[in-house]
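Colleague: all I have is the shape, not the residue letters:
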């Protein structure tokens, strides 16, 4: 199948929060489907999406070691991770754990590049990575995968999915173990080098059940859970080990109020827990995020209107005592997505009321024009914000309780040209952030930071192979002194 034909059939959710044909999207988005995930050699989520244009990955060692995904030159804390629409991440670190999420549970990945606070609130300054977990098909399908590789890597995954009348289901479990290699480099300064092997071990499980309870109405329940243990280096005589627990659950209901009105209600909860065994003792950090979302899609002559309410509660606990250990964010959002002939448009508005920092309003406007069936131009302009993490605010001898949220503005323009199985894409972006939170030499707000650049990407399909290449040109700097 030609690449252009494959793309025309794609429907994405992350860029608009509603199902939208990819040809009507005016943002820079990458789709990684189940077939591509299976074909890739990546052993972790960060390795899989590292092949996407506009992304960089920084890792502290091999499999299971901490890594950050950077989108368009922003930091790892600027990337929002969603699992089936549920926010996932550590409120203490302010980043998501991409390294303990089981790949065998993933059916599809969408990577949205560029600020999306007008859709999702805080954290989505650089972009959004959303995982859609596996769900049941029409026929019963069992599956077992066993693999082995270098550095003592071995994996076993088993799953089954299917349907029974109006009920659909998918269940699976997995195990990974790798002896690994040293997580430090003896030639690097302050590396705490130890020549031993720093391995990783993980057990995981997932479950998905959905049922049509009435005409046009469905309910569903989903679970993704993983326990991981990863070793690091801390000098010649002691190596710390971190035990990680990540769990995401969600319960939802969706249905038609009328032929033009779809409503949905979803509760989600994510847990991010870690326990590190060091020479001086044990450090424990627990984060829980609870999210309740009510959204509505209403078809109108000018497009689909999106409106809804969302509440997020963050709670942290552990061996470290914080001056404040919880906060609540209440949000209201409104959007419009539409198209006519060669034109497509999008507008979003969101207001978040944070119990720590008060209210913040963000917005976004996007427009696309198809010059021909093969060539499309798109542009977008919007604002963003990012609240400080609990560590940045209150961690002993590190945090600064006077730290304020970042506020950003972003402009981008791009063009996509499709010729048979070949796709060429170029994007120019310019993001300016006020109050950028830095940690060196101390946690504080930098008055103005600018990140601008270009992304050039090419992909094609050749003899059943998906080939792609990309070039990112970035220019991040502190505007006050013009330093990187």
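Modeller: That came in fine, so what should we check first? Remember, predicted model here, so these are calculated numbers, not experimental data. Residues are numbered from 1 along each chain as shown.
Colleague: what's near enough to touch residue 213?
Modeller: Going by C-beta atoms under 8 Å, 6 or more residues apart in numbering, residue 213 touches 166, 219. In this view, the C-beta of every residue, glycine as well, is placed from N, C-alpha and C.
Colleague: what do you get if the cut-off is 6 Å, keeping everything else the same?
Modeller: Contact partners of residue 213, counting by C-beta atoms under 6 Å, 6 or more residues apart in numbering, are residue 219.
Colleague: can you name the element that comes right after the helix or strand of the chain at the bottom of the mean pLDDT ranking?
Modeller: Ranking every helix and strand in the chain by mean pLDDT, DSSP states H and E puts helix 3-8 at the bottom, with a mean of 39. Per DSSP states H and E, helix 3-8 leads on to strand 11-12 as the next helix or strand towards the C-terminus.
Colleague: so for that following strand, mean pLDDT?
Modeller: The average pLDDT for strand 11-12 rounds to 92.
Colleague: how about stretch 64-84?
Modeller: 90.
Colleague: from what I can see residue 157 touches residue 145, true?
Modeller: Yes - the pair residue 157 and residue 145 passes the contact test of C-beta atoms under 6 Å, sitting 4.6 Å apart.
Colleague: who has more neighbours out of these two?
Modeller: When residue 157 and residue 145 are compared for neighbours, residue 157 comes out ahead with 19 against 12, by other C-beta atoms under 10 Å.
Colleague: report the buried residues of the helix or strand containing that one.
Modeller: Assigning secondary structure by DSSP H and E places residue 157 in strand 153-164. The neighbour-count check on strand 153-164 (16 or more other C-beta atoms under 10 Å) flags 153, 155, 157, 159, 161, 162, 163 as buried.
Colleague: now do stretch 467-484
Modeller: 472, 474, 476, 477.
Colleague: pLDDT, distance to residue 432 and secondary structure added to those residues, as a markdown table?
Modeller: Output for these, formatted as a markdown table (pLDDT from 0 to 100; distance: C-beta to C-beta, whole Å; DSSP: H, G, I helix; E, B strand; the rest coil):
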| residue | pLDDT | distance to residue 432 | secondary structure |
| --- | --- | --- | --- |
| 472 | 90 | 19 | strand |
| 474 | 93 | 14 | strand |
| 476 | 92 | 11 | strand |
| 477 | 92 | 11 | strand |
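Colleague: okay, the residues you listed in TSV with distance to residue 28 next?
Modeller: Putting those into TSV (distance: C-beta to C-beta, whole Å) gives the following:
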residue	distance to residue 28
472	12
474	14
476	18
477	22
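Colleague: and residue 45, its phi and psi?
Modeller: With angles defined as degrees, to the nearest 10, residue 45 sits at phi -60, psi -40.
Colleague: how much space between the nearest residue to residue 253 once chain neighbours are set aside and residue 84?
Modeller: Distance criterion C-beta to C-beta, 6 or more residues apart in numbering; nearest residue to residue 253, sequence neighbours excluded, is residue 219 at 4.8 Å. Remark: distance between residue 219 and residue 84 (C-beta to C-beta, to the nearest Å) = 14 Å.
Colleague: done for today, thanks.
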